[in-house]
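1. I would like the atomic coordinates for the input below:
(one chain, ligands or ions: 1)
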Amino acid sequence: MNIEINQTDIEKKWQKKWSDSDIYKSDLEDINNKYYCLTMFSYPSGDKLHIGHWYNYGPVDTFARFKRMNGFNVFQPQGFDAFGLPAENFAIKHGVHPRESTNKNISTMKQQLNSIGGMFNWENEIRTCDKEYYKWNQWLFIQLYNNNLAYQKEAMVNWDPIDQTVLANEQVLSDGTSDRSGAKVIQKPLKQWFFKITDYAEKLLDFKNIDWPQKTISMQKNWIGKSKGASINFHVSNLDLKIEVFTTRPDTLFGATYLVLSPENPIVEKIVTNKCLDGVVHYQKLSNEQNEIQRLDLTKEKTGVFTGSFAINPVNGDKIPIWIADYVLMSYGTGAIMAVPGHDERDNEFANKFNLPIKYVVNSNKNSIEEGPYFEKGFCINSEFLNNLSTDKAIKKIIFWLEENKVGKGYTNYRLRDWLISRQRYWGTPIPIVYDPNGKPHVIPEQYLPWELPNDVEYKPKGTSPLGSSKELIERTEKIFGKGWKPEIDTMDTFVCSSWYYLRYLDPHNTKKPFADDILDWMPVDLYVGGAEHATMHLLYSRFITKALKDLNYISFDEPFKKLIHQGTITKDGAKMSKSKGNTVSPDKFIEKYGSDTFRIYLMFMGPYEDGGDWSDKGITGISRFLSKVVKIVSALDKNYTPDDKTMHLVHKTIKFVTNDLNHFKFNTAISKLMELSNHLYKYKKSNEFIVKHLLLMLAPFAPHLCEELHEKSFNLNDSIFNQNWPKYKEELTISNDVTIAVQVNGKLRGSIKCKTNESKEEVLIMAKSLDNVNKFLMEGSLLKEIYIPNKIVNLVVKK
Ligand code: ANZ
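-> Next comes the predicted model:
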């Protein structure tokens, strides 16, 4: 049988057949062997999918197919994270309504996703910009609001002057620029909505029940930034006021020689003396022009001014000056510190610059009299009842003392900030809040959901929220709530949409609830695959929302993603492939030329999946040749042919390795094993049903179209190869039957013999002795000793 393959034709044929026959529709009622396999959904922002997207979806689909063939009921949905800035900016640039451009982009992307030949559950597709979806974002907001997990406050925010919007801290890069527009981010006070993720700081530090990359766990831990220490109250001299500081080193309290407040701390106004007022106001203005990242820059020269007031150190009654300085942040701890210039580097620099007193209260050695700047843990000196105690012991003792004297307490601080969800942009979920004529916010009753995004909006950014320009929205609000009522005009951060979408995928058409209770047996997601850049935002928000929904009794699990894998980054000439850099490579022309299967395998063959690699199309013809060989092997099917032992051994060994590799997401090594097998089989120019069947079954998850076609042609079955079971191997057959044994005479190699593994010693010795080159020594001398190391070496000791 000579099989000819036209890759384009078979791709079309099978994509249609798969879609018509619904073979990939998962039975969501059946949770036995459920496998929820999820890739992060994509932004329909630009025009097309690039190789990076393919690298996410192709290999994961291979894994999903492998799971299916192993008897799992796989659910692999797709959808679109369709709200947000990229879509809106695209729309503004091309002069069309975001909905129109978003839907257009989605249909292009869907077509491309289909060309992968993925086993996707399109019947469960979601688009976050559809009101059927965002209605439930609003529902989520309301549940959080009603349970004190959503609140409004005025806050200094990161303002992006190009995109004209507020950014979350996570969206500001370390050089103080926006990660999207590249603009220099400035600070601006605004009334904003927040989700109270900080209530979950401690719970979010528990990673016990999830299998995630260690690096991502560390990044979340650092982001949450737990610090244990104490809060200490200092009375302001001559005023009925106290200043609370947070310190991780309360053991150094005897060395606190001045206090520093953050310039924005509201206490500053109350304590600043007339004489110092001008200097303080001027300094506050200067520090306001800088963002947190610049202020925390350790290499920056320290600046600050005296407030004119003094505080009392509670442990020794010392009167110490109160300064303000920009290295103290309002958003961390209490926005005030006790400065210990002997033992804190920043305070040391500051004290030296402004000639403030320095006291040494920690020493590296016990009982040493040496004094000087020392920035590590050690032993207390010059600290009365703490003297000679180690730092850790002294911390415990001073906290006890603080609590007993009611001037402070043990305190744990987290770096994590509440999640700012307000965006002053159009293309997002309207926040379900209206304001009464007195400006008091009220949550919109659920019966009015979805609270629709209006269409009559000037959506180009002008610095205020575009929803404010909608007549329809203002009229709608007054009609329902009464005259003088006003709608909230900010929209939600799109990370709200993605913080729970994995729940909605399971029940996307439910009009009564965000998700039905029984469908939740599908949670948590068994495998989640996506970029490592989401380590702190999306992946932390999702965990928070899951935990909050659990506490609100909507779900019964507290982690969304059981196992997490980050695909590596595909670079082009060393730089990350991305639309903004203009270095993307479109997969389309490769698919046209080589076919989708070849392209998918080529991507997976580039290197370890979690490493990614630099794109070059150099090796793609090699993959093409590999698949042509497979076609020839299948063409050579001869029912009467019996393969030799060596071939059988290799088939079993390959099944074993490929199964193991696929279980561990090692696509590249699995492919090389399949290549090795094909090269071997190709030499014989003949194959039988066993060989063809096993080769195709193993290759099917990698080359789904080709293997479906070859499977149909070879076996005339009217059943998909993906309804067949993954092949099993026999362990004993994976062990090779043949071994080569070295034969030595007096320790010198004289030849070798081939025999079966674990052949008897007698037989091996007979074979060894009969080698010409060995026999001649035996004839010339007398055999003294026979040494045999099983399956390895024969050594004959001969005396001349
Ligand atoms: C006195 C002291 C003595 C401190 C010493 C350190 C060493 P982490 O570990 O990052 O939590 N700090 C507290 N609040 C601050 C703020 N709002 N802005 C800037 N710095 C602040 O750091 C906690 C330490 O950072 C605190 O402990 C405080 O300095 C400073 F030998 O207090 B320490």
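
2. which residues touch Gly484?
-> By CB atoms under 8 Å, 6 or more residues apart in numbering, the residues touching Gly484 are Asp436, Pro437, Glu478. For every residue, glycine as well, the C-beta is placed using N, CA and C.

3. now with 7 Å, please.
-> Pro437 (CB atoms under 7 Å, 6 or more residues apart in numbering).

4. assign a three-state SS to it, would you?
-> When classified by DSSP: H, G, I helix; E, B strand; the rest coil, Gly484 comes out as coil.

5. could you measure from it over to Val457?
-> Counting by CB to CB, to the nearest Å, the separation of Gly484 from Val457 is 22 Å.

6. for Leu173, same thing?
-> Here the criterion is CB to CB. By it, Leu173 lies 30 Å from Val457.

7. higher neighbour count, the two?
-> The neighbour comparison of Leu173 against Val457 (other CB atoms under 10 Å) goes to Val457, with 21 against 13.

8. just checking, that one is part of a helix?
-> No: counting by three-state DSSP, Val457 is not found in a helix; it is coil.

9. output the contacting helices and strands for the helix or strand hosting Asn348.
-> Per DSSP states H and E: Asn348 is located in helix 345-354. Counting contacts by 3 or more CB pairs under 7 Å, 6 or more residues apart in numbering; DSSP states H and E, helix 345-354 packs against strand 336-339.

10. what's next to the strand it packs on, contact-wise?
-> So strand 336-339 is contacted by 232, 234, 243-245, 247, 256-262, 265, 328, 347, 350-351 (CB under 7 Å, 6+ apart).

11. then the helix or strand harbouring Phe400 to PDB, C-alphas only?
-> Assigned by DSSP H and E, Phe400 belongs to helix 391-404. Only the C-alpha atoms of helix 391-404 are listed here, as PDB (Å, rounded to 0.1, in the frame of the first residue of the first chain):
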ATOM      1  CA  THR A 391      19.400  39.500  68.900                       C
ATOM      2  CA  ASP A 392      16.600  36.900  68.800                       C
ATOM      3  CA  LYS A 393      16.400  36.500  72.600                       C
ATOM      4  CA  ALA A 394      16.500  40.300  73.000                       C
ATOM      5  CA  ILE A 395      13.600  40.700  70.500                       C
ATOM      6  CA  LYS A 396      11.500  38.400  72.600                       C
ATOM      7  CA  LYS A 397      12.400  40.100  75.800                       C
ATOM      8  CA  ILE A 398      11.800  43.700  74.600                       C
ATOM      9  CA  ILE A 399       8.500  42.700  73.100                       C
ATOM     10  CA  PHE A 400       7.500  41.400  76.400                       C
ATOM     11  CA  TRP A 401       8.700  44.600  78.100                       C
ATOM     12  CA  LEU A 402       6.800  46.800  75.500                       C
ATOM     13  CA  GLU A 403       3.600  44.900  76.000                       C
ATOM     14  CA  GLU A 404       3.900  45.000  79.800                       C
END
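
12. now do the buried residues in that helix.
-> For helix 391-404, burial by neighbour count (16 or more other CB atoms under 10 Å) applies to Thr391, Ala394, Ile395, Lys397, Ile398, Ile399, Trp401, Leu402.

13. ok, the third one - contacts?
-> Spelled out, it's Ile395. Counting by CB under 7 Å, 6+ apart, Ile395 makes contact with Pro250, Asp251.

14. quick check: it vs Glu345, distance?
-> 19 Å.

15. still on that earlier bit, next SSE downstream of the helix holding Phe400?
-> Past helix 391-404, the next helix or strand by DSSP H and E is strand 408-414.

16. which secondary structure elements does that next one sit against?
-> Strand 408-414 sits against strand 226-236, helix 391-404, with contacts defined as 3+ CB pairs under 7 Å, 6+ apart.

17. among these, which comes closest to the ligand?
-> strand 226-236 (3.1 Å; CB to the nearest ligand atom).

18. can you tell me the number of residues neighbouring Lys685?
-> That count, for Lys685 with other CB under 10 Å as the rule, works out to 11.

19. doesn't Ala636 make contact with it?
-> Yes: the pair Lys685 and Ala636 qualifies as a contact (CB atoms under 7 Å) at a distance of 5.7 Å.

20. in this protein, where is pLDDT below threshold?
-> 45-47, 168, 170, 460-461, 463, 579-580, 737 (pLDDT under 70).

21. any idea which residue of the stretch 51-200 of the chain lies closest to the ligand?
-> For the stretch 51-200 of the chain, CB to the nearest ligand atom, closest residue to the ligand: Met156, 13.6 Å.

22. ok, the closest residue to that residue other than its chain neighbours - how many residues close by?
-> Closest residue in space to Met156, ignoring its immediate chain neighbours: Gln187 at 4.9 Å, by CB to CB, 6 or more residues apart in numbering. Around Gln187 there are 16 other residues, counting by other CB under 10 Å.

23. wait, is Gln187 part of a strand?
-> Yes: counting by three-state DSSP, Gln187 falls inside a strand.

24. distance of it from Leu167?
-> 11 Å.

25. SS state for Gln138?
-> helix.

26. need phi/psi at the residue nearest to it when sequence neighbours are not counted.
-> Once flanking residues are discounted, Gln138 sits nearest to Pro432: 4.1 Å by CB to CB, 6+ apart. For Pro432, the backbone dihedrals (degrees, to the nearest 10) come out as phi -80, psi 70.
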